[in-house]
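Visitor: need coordinates for the following:
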Amino acid sequence: ILQDDVKLSSTGLLEGAPGARSGDGATSAPTVEFLRCRPGHVATAGASVVKVWCGNTGECATTLDVQDDSGQPSLPQPPCVSPDGGRCLQWTGSTAVKISVVETGACALTLSGHTGLVRQASFSPDGSRVVTASEDGTAMIWDARNGKCRWVLKGHEAEVLSAAFSPDGKKVVTGSIDATARIWNADTGKCEAKLIGHRWCINCVAFSWDNVLVVTGSDDRTARIWDVETGEC
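Guide: Take a look at the predicted model:
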């Protein structure tokens, strides 16, 4: 769901969202990213294909091939650089996240506290906080200036695979292997909504630019758009 001057007027279920094939033939979740597309639309990415959906009807409007010159997928990666471009997050294969200085590569802070591997990490819109999602079943909100944990977001019944701040920095959405997403108050750490509807694990989550909608991508090969206030799809 992208920043533009048109507000999406309704929510819906996006069927047939693209997914990548694994070695056993299974199809993974669509990746939900902030892709540039026409106003009032949602973009999902996977298996070298981007699909653009109408936010009002849930119908697929366009399918785009995004392979590079070598025929390999060329899809956007989750954000890991601070808004000012001066710091980046590193967490691959670790229970901790390092905040490094982009110019020098030096580690400025280490965010330690998870007991399981970190699956995703991203900065808040103003760069003052970091949210992390972990296999220990929790997400954490950190102070990016001193490395202290502000809140541990507990409630999921399985590994947390994704987490993202809302554009205004007031909320966090998380997605889990338990097939639910949750919306949290970023200032208090309290869960405000539980999003139930996917059949399998939720791999990616994102807010709309105006903070009123959440989109989730799942291993059930669908993406869903949710109303933040009501928690309804």
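
Visitor: got any ranges where the protein has weak pLDDT?
Guide: Counting by pLDDT under 70, the low-confidence segments of the chain come to 1-50, 55, 64-79.

Visitor: one more time with 80, if that's ok
Guide: Along the chain, segments meeting pLDDT under 80 span 1-58, 61-79, 92.

Visitor: tell me the buried residues in stretch 189-209?
Guide: Neighbour counts using 16 or more other Cβ atoms under 10 Å place 189, 191, 193, 195, 197-198, 201-209 of stretch 189-209 among the buried residues. For every residue, glycine as well, the C-beta is placed using N, CA and C.

Visitor: dump the residue contacts of Asp178.
Guide: Shown in contact with Asp178 (Cβ atoms under 8 Å, 6 or more residues apart in numbering): His156, Glu157, Ala158, Cys201.

Visitor: wait, what's in contact with the first one?
Guide: Counting by Cβ under 8 Å, 6+ apart, His156 touches Gly137, Thr138, Thr174, Ser176, Asp178, Thr180, Arg182.

Visitor: the last one too?
Guide: Counting by Cβ under 8 Å, 6+ apart, Cys201 touches Ala29, Ala158, Leu161, Gly175, Ser176, Ile177, Asp178, Ala179, Ser218, Asp219.

Visitor: in stretch 146-160, what's buried?
Guide: Buried residues in stretch 146-160, defined by neighbour count with 16+ other Cβ under 10 Å: Gly147, Trp151, Leu153, Gly155, His156, Glu159, Val160.

Visitor: export those to a markdown table and tack on secondary structure?
Guide: Shown next, in a markdown table, are the buried residues of stretch 146-160 (DSSP: H, G, I helix; E, B strand; the rest coil):
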| residue | secondary structure |
| --- | --- |
| Gly147 | coil |
| Trp151 | strand |
| Leu153 | strand |
| Gly155 | coil |
| His156 | coil |
| Glu159 | coil |
| Val160 | strand |
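
Visitor: distance of Asn203 from Arg87?
Guide: 25 Å (Cβ to Cβ, to the nearest Å).

Visitor: returning to that earlier point: in helices, which of the contacts of His156 fall?
Guide: Residues of these located in helices (DSSP state H): none.

Visitor: return the subset of those lying in strands.
Guide: Using DSSP state E, the members of these that fall in strands are Thr174, Ser176, Thr180, Arg182.
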